[in-house]
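K.L.:
missing the sequence, but the structure's below:
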């Protein structure tokens, strides 16, 4: 189960924690309007959800996150580490299987959102 919460911080650290066969995440989600749709986008995983309303967009990205976690869970340890590394995550040496990554794009901001509609949220697993 994932929940989306408003956040005032723009670049909180994205984390994926794998412990005792369970995956928990805390990920930056950006929301904005593109034409008639609201888009929720997770840059560190390059996944998105959309809908006519914010609620539809949040529901869609939650489903995409569940699919991501199911796919990750099905991988063996080496493949998980290689895959997360390919996304830019690094293993935290102080915690057995914690992966973290801060997001900053090359221009310091996200593109393709209508001006004035960009919002920041955090997606966390429950």
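P.N.:
Structure's in. What do you need? Fair warning: this is a prediction, and the values are worked out from it, not measured in the lab. Numbering: from 1, shown residues only.
K.L.:
was I right about residue 88 contacting residue 46?
P.N.:
No: with contact defined as CB atoms under 8 Å, residue 88 does not reach residue 46; the gap is 10.2 Å. Where C-beta positions appear, they are placed from N, C-alpha and C, glycine not excepted.
K.L.:
Between the two, tell me which one has more neighbours.
P.N.:
residue 88 (15 against 8; other CB atoms under 10 Å).
K.L.:
Shouldn't that one be within a strand?
P.N.:
No: assessed by DSSP: H, G, I helix; E, B strand; the rest coil, residue 88 does not belong to a strand; its assignment is coil.
K.L.:
For stretch 75-84, list every residue counted as buried.
P.N.:
Going by neighbour count (16 or more other CB atoms under 10 Å), the buried part of stretch 75-84 is 80, 81, 84.
K.L.:
again, but for stretch 13-28
P.N.:
Applying 16+ other CB under 10 Å to stretch 13-28 flags 14, 15, 16, 17, 18, 23, 25, 26, 27, 28 as buried.
K.L.:
which element is the fifth one on?
P.N.:
Meaning residue 18. According to DSSP states H and E, residue 18 maps onto strand 14-19.
K.L.:
Could you pull up the mean pLDDT of the next helix or strand after that strand?
P.N.:
Following strand 14-19 in sequence order, the next helix or strand is strand 22-34 (DSSP H and E). Mean pLDDT, computed over strand 22-34, is 88.
K.L.:
Where does the prediction get shaky in the chain?
P.N.:
Residue ranges of the chain with pLDDT under 70: 1-12, 93-115, 118, 122-126.
K.L.:
That one: helices as residue ranges?
P.N.:
Applying DSSP state H to the chain gives helices spanning 54-73, 77-86.
K.L.:
that older thread, of all the buried residues of stretch 75-84, which comes closest to residue 56?
P.N.:
residue 84 (28.8 Å; CB to CB).
K.L.:
That closest one reaches residue 16, doesn't it?
P.N.:
Yes: using CB under 8 Å, residue 84 is in contact with residue 16, at 6.5 Å.
K.L.:
Please consider this matter closed, and thank you.
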